[in-house]
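# Sequence first, predicted coordinates after that:
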Amino acid sequence: MGSDPKVYSLAEVSEHNYNKDCWLVIGGKLIISEACTKNSTLIFGQSDSGKILKVYDVTNFLEEHPGGDEVLLSATGKDATDDFEDVGHSTTAREMMDQYYIGEIDPSTFPKKATYKPAKQAHYDQDKTSEFIIRILQFLVPLAILGLAVAVRFYTKTS
């Protein structure tokens, strides 16, 4: 951390909302740690309530995050303090944040009134559909073979 941290606007931070480049805005306590740290950025600056808002690049932590990368990606482009604090991150997770610190956010770039922005839905992966079909077939094919064997045994059995 340098003596003069770089200052970002909310709009600038909001552009970093992908799994290859993810920044988060988290405002709150002066001692906040980063549980999310894989080329993503958390932002901590100063909000209306006087909380410090800092920016963290957590992109490199997305795959390692225990809650999955979707949790982090859904918190981009807004003050994610409540999302962060509601989970109850450990002291270790909070201490991790320092290594991802990249600057602070300009509190004047936050809207006066919070606007609702629905979370992004994960892109539907059609490749997973084929995995689902394969799993069903792995169950049904042996079951069908077993049923056929029982039927053949039953009808060919001589009394």
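Structure's in. What do you need? No experiment lies behind these values; they were computed from the predicted model shown.
# list the helices and strands the longest strand seen in the chain packs on?
When the chain is parsed with DSSP state E, its longest strand is strand 21-28. If contacts are counted by 3 or more CB pairs under 8 Å, 6 or more residues apart in numbering; DSSP states H and E, strand 21-28 sits against helix 10-14, strand 52-57, helix 69-73, helix 81-87. (Each C-beta comes from the backbone N, C-alpha and C, glycine too.)
# now for these, which one comes closest to residue 106?
Across the helices and strands packed on strand 21-28, residue 106 has its closest neighbour in helix 10-14 (7.6 Å, CB to CB).
# buried ones in the host helix or strand of residue 132?
Using DSSP states H and E, residue 132 sits in helix 126-156. In terms of neighbour count (16 or more other CB atoms under 10 Å), helix 126-156 has no buried residues at all.
# try stretch 99-109
Residues of stretch 99-109 classed as buried: 100, 101, 102, 103, 104, 105, 106, 107, 109 (neighbour count, 16+ other CB under 10 Å).
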